[in-house]
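Participant: sequence and predicted structure are below.
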Amino acid sequence: MDHSLFVALKEFLDGARGVVVAFVAFLGALVLLKKEVVRLLPKNPPPPPATSSQPSGQVTTKPASEVAQENQRQKKKPRKHVSRARMLALVFFVIFVGVIVIRAWPDPRRLNEILTWQTWLPFAKAQEQWIAGRRVNAPLFELAITNADLVIDQFSGAATVQEADLAGKPIEVPTGAVSKEERKKIFQNGLVNDLGTCYYIKGRSLEYLGKTSQAKAAYFATTNFAHALTWDPTTREFWSPVQAAKGRLAQMTNAP
């Protein structure tokens, strides 16, 4: 489960927030363009000069200094520059087009990755709330369980086959940050990773809800995917859902 910057931006803009951002950017561009058009419109022409009372045929001469100043003004050409309003309007328009393109662009992730991420989000948020105030957010935990079941129902068979292909290979749980090549290698076992992650999230959510027997069953199911690794977008590290599930089982067994 890889959560790239593009995916994060797309998820942010796919909802109502994206509509608001696009609307504000479009409205801002229109307002600034209107301001720029008004600025460029020709001003009212100056009033015609007063008629001279001098007799016809008499030619008036301007002072040499005044003639020189007029010639100098004619030589000076106004510098072309882009106004601030025009630049801001362009920025707002680019933002508007960018939001439309990102919303229309297909999600690059596979379905199992999308569903696993939708399982992780409510679980992580509910767990943070529990840690902060020991308050169980039942709706979020139930949503995480529902989404986990979607992954389990659709991909457990293929993940079991992938885990069987990995049988005999060493199980390595990296510590700390990993290289780009290592991450790519880990993500190649996407189905195994997602099933192990979802079974663990389901078990932990059930445990938070006080459903101990169901939580144990989910933890035991997690151990069937020994090579699974979970990517934590917060710490940007991998951890083993199997090791975590075994730890929870041991703690539940030894609990009074």
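Facilitator: Yep, it's here. Numbers count the residues shown, from 1 in each chain.

Participant: can we go C-alpha only for contacts and neighbour counts from here?
Facilitator: Noted.

Participant: give me the mean pLDDT for the one helix or strand residue 157 maps to.
Facilitator: When secondary structure is defined using DSSP states H and E, the element that contains residue 157 is helix 138-165. Confidence over helix 138-165, taken as the mean pLDDT, stands at 96.

Participant: chain center to the helix or strand just after it: distance?
Facilitator: Remark: after helix 138-165, the chain's next helix or strand is helix 180-187, criterion DSSP H and E. Using C-alpha atoms, centre = their mean, to the nearest Å, the mean C-alpha position of helix 180-187 is found 22 Å from that of the whole chain.

Participant: buried residues, helix 180-187. List them.
Facilitator: 183, 186, 187 (16 or more other C-alpha atoms under 10 Å).

Participant: same thing with stretch 93-108?
Facilitator: Using 16+ other C-alpha under 10 Å, the residues of stretch 93-108 that count as buried are 93, 95, 96, 99, 100, 102, 103.

Participant: and the contacts of it?
Facilitator: With C-alpha atoms under 8 Å, 6 or more residues apart in numbering as the contact definition, stretch 93-108 has outside contacts at 7, 10, 13, 14, 18, 21, 22, 23, 25, 26, 29.

Participant: name the nearest residue to residue 226, ignoring sequence neighbours.
Facilitator: Using C-alpha to C-alpha, 6 or more residues apart in numbering and skipping the chain neighbours, the partner closest in space to residue 226 is residue 242 (6.2 Å).

Participant: elements contacting the strand or helix carrying the one you found?
Facilitator: Per DSSP H and E, residue 242 falls inside helix 241-254. Contact analysis of helix 241-254 by 3 or more C-alpha pairs under 8 Å, 6 or more residues apart in numbering; DSSP states H and E lists helix 190-208, helix 212-222 as its packing neighbours.

Participant: residue 115 is nearest to which of the ones you listed?
Facilitator: Nearest of those to residue 115, taken as C-alpha to C-alpha: helix 190-208 at 9.0 Å.

Participant: avg pLDDT for the closest one?
Facilitator: Predicted confidence along helix 190-208 averages 96 (mean pLDDT).

Participant: next one: stretch 97-113
Facilitator: Mean pLDDT, computed over stretch 97-113, is 76.

Participant: just the C-alphas of that stretch, formatted as CSV.
Facilitator: Extracted C-alpha coordinates of stretch 97-113, given in CSV (Å, rounded to 0.1, in the frame of the first residue of the first chain):
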residue,chain,number,x,y,z
VAL,A,97,-7.7,23.7,-14.3
GLY,A,98,-5.4,21.6,-12.1
VAL,A,99,-8.2,20.7,-9.7
ILE,A,100,-10.4,19.6,-12.7
VAL,A,101,-7.6,17.5,-14.2
ILE,A,102,-6.7,15.8,-10.9
ARG,A,103,-10.3,15.0,-10.1
ALA,A,104,-10.8,13.5,-13.6
TRP,A,105,-7.5,11.6,-13.6
PRO,A,106,-8.0,7.9,-12.8
ASP,A,107,-6.6,6.6,-9.5
PRO,A,108,-3.3,4.8,-10.2
ARG,A,109,-3.7,2.3,-7.4
ARG,A,110,-5.3,-1.1,-7.6
LEU,A,111,-8.6,-1.8,-6.0
ASN,A,112,-7.1,-3.8,-3.1
GLU,A,113,-4.8,-0.9,-2.3
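
Participant: ok, back up a step: name the stretch among the helices and strands packed on helix 241-254 that sits most buried.
Facilitator: Ranked by average neighbour count under the criterion mean count of other C-alpha atoms under 10 Å, those are headed by helix 190-208 at a mean of 27.

Participant: now do that helix: which elements does it pack against?
Facilitator: Using 3+ C-alpha pairs under 8 Å, 6+ apart, the elements in contact with helix 190-208 are helix 111-133, helix 138-165, helix 212-222, strand 230-232, helix 241-254.

Participant: what sits up against the last one?
Facilitator: Residues external to helix 241-254 that are found in contact with it (C-alpha under 8 Å, 6+ apart): 196-197, 200, 216, 219-220, 222-223, 225-226, 228-230.
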